[in-house]
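> got a predicted model here, sequence first, then my questions.
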Amino acid sequence: MDRTRFFMLTLALSSLLVAAPVATAQTGGDAPVTPPASPSKPQDVPTDAQIKEIVSRAMKAKENAFKAMDASLYFNSQMFGGLPEKRQNVDLKDVPLREALKRVLEDSKIPYLLDDDVPNEPKVTIKLANAPLTTILDALTLSSNIGWRTELKRRKTAPEGEKGKSRDSGSGIPFADNGGFETQIHVGKQVSVLPSSFRMRTLNIDGPPGGSVQIPVPPVGPQSPQMRVFRWQSQKRTFTCPHCRNSISILQQPEDIHCLKCQRVFEEDWQVCPYDGAKRPERKDAWRY
């Protein structure tokens, strides 16, 4: 055995003899020495593919949340500036119904959604000058058992010149940097078939030809939200020519009854104004042909 190997073996034996008494003293003389625990392994770092999948799931969840929110937002344009007394001209002759709706909606310059179930038949002929867009849509849809409504949806991108700015709709719903909200006209057979005169002035709520609904009115200033009862009545008369079989619909659009003295709106059960005692004036409803 060479001198180097002999020295290494001697050093190893000496280390064992020195370490044994120390271990005995620490453990009380009888307990075996517990080997030191192995160092903990570092946590696994996610791969690029795993990170991409996590981000994809988060974006999908966010998108689904936005869809659920958008599905519940069917506000009328009076609150969010969608169809404010918009008027336009229309002159169509023997045009398929779907094509006629498409032309009117494109001329309005308002985003729209035309469902696939909107048929081409019948062919329509309509000529109106400076007519409200709501009247045109009613005339095209009611006779074919098709409904339309205004919906509030999110913009995919912010309008030009507004990126990064803080915007608000005026109703407490903030506009996000992804574009905020915009009004969309939705036309289809699955949409409630009701003329625009049935809809509320502030909320796009569909109702039967006569009825009432309670709606929370947004607070003004420091006041608390209040419940207000909205009532509506409407009539529709249709005349069909016995010769050409063409039909003409007459829609009665109700108007609020105002007190002649204080201009307050009469409730349905008011026969006199409780503020000044004025009698209830006669109803003078507007008719649209």
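That came through, no problem.

> least confident secondary structure element in the protein?
Sorting the helices and strands of the chain by mean pLDDT, DSSP states H and E puts helix 77-80 at the bottom, at a mean of 36.

> what's the average pLDDT for the helix or strand following that helix?
Scanning forward in sequence from helix 77-80, with DSSP states H and E defining helices and strands, the next element found is strand 87-96. Mean per-residue pLDDT for strand 87-96: 88.

> who are the packing partners of strand 87-96?
Using 3 or more CB pairs under 8 Å, 6 or more residues apart in numbering; DSSP states H and E, the elements in contact with strand 87-96 are helix 97-108, strand 123-132, helix 133-141. From N, CA and C alone the C-beta is placed, and that goes for glycine too.

> who's in contact with the second one?
The one in question is strand 123-132. By CB atoms under 8 Å, 6 or more residues apart in numbering, the residues outside strand 123-132 that reach it are 85-97, 100, 135-136, 139-140.

> list the buried residues in that strand.
Residues of strand 123-132 classed as buried: 124, 131-132 (neighbour count, 16 or more other CB atoms under 10 Å).

> output the below-cut-off pLDDT ranges for the stretch 101-250 of the chain.
The model of the stretch 101-250 of the chain has pLDDT under 70 over residues 152-182, 192-239, 247-250.

> go again using 50 as the cut-off
Across the stretch 101-250 of the chain, the ranges flagged by pLDDT under 50 are 162-179, 195-233.

> still on that earlier bit, make TSV from the buried residues of strand 123-132 and add distance to W270 to it.
Shown next, in TSV, are the buried residues of strand 123-132 (distance: CB to CB, whole Å):
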residue	distance to W270
V124	42
A131	34
P132	30
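
> for the closest residue in space to L114 that isn't next to it in sequence, give its distance to E121.
Closest residue to L114 apart from its sequence neighbours, by CB to CB, 6 or more residues apart in numbering: V187 at 5.3 Å. V187 sits 16 Å away from E121 when distances are taken as CB to CB, to the nearest Å.

> repeat for D107
When CB to CB is the yardstick, D107 and E121 sit 22 Å from each other.

> same thing with N145?
As defined by CB to CB, N145 lies at a distance of 12 Å from E121.

> got it, and S56?
Using CB to CB, S56 is found at 44 Å from E121.

> list the residues that contact D107.
Contacts of D107 were listed using CB under 8 Å, 6+ apart, and they are 88, 90.

> ok, now with 6 Å
Shown here is D107, whose contacts under the criterion CB atoms under 6 Å, 6 or more residues apart in numbering are Q88.

> one more: Q190?
Neighbours of Q190 in contact, by CB under 6 Å, 6+ apart: none.

> torsion angles phi and psi at it?
phi -80, psi -10 (degrees, to the nearest 10).

> domains of this structure?
The chain resolves into domains spanning 67-158+171-199, 212-218+225-289 when parsed by automatic domain parsing.

> by contact count, what packs against the one helix or strand T183 maps to?
Secondary structure assigned from DSSP H and E places T183 in strand 181-188. Contact here means 3 or more CB pairs under 6 Å, 6 or more residues apart in numbering; DSSP states H and E; on that basis strand 181-188 packs against strand 112-114, strand 147-154.
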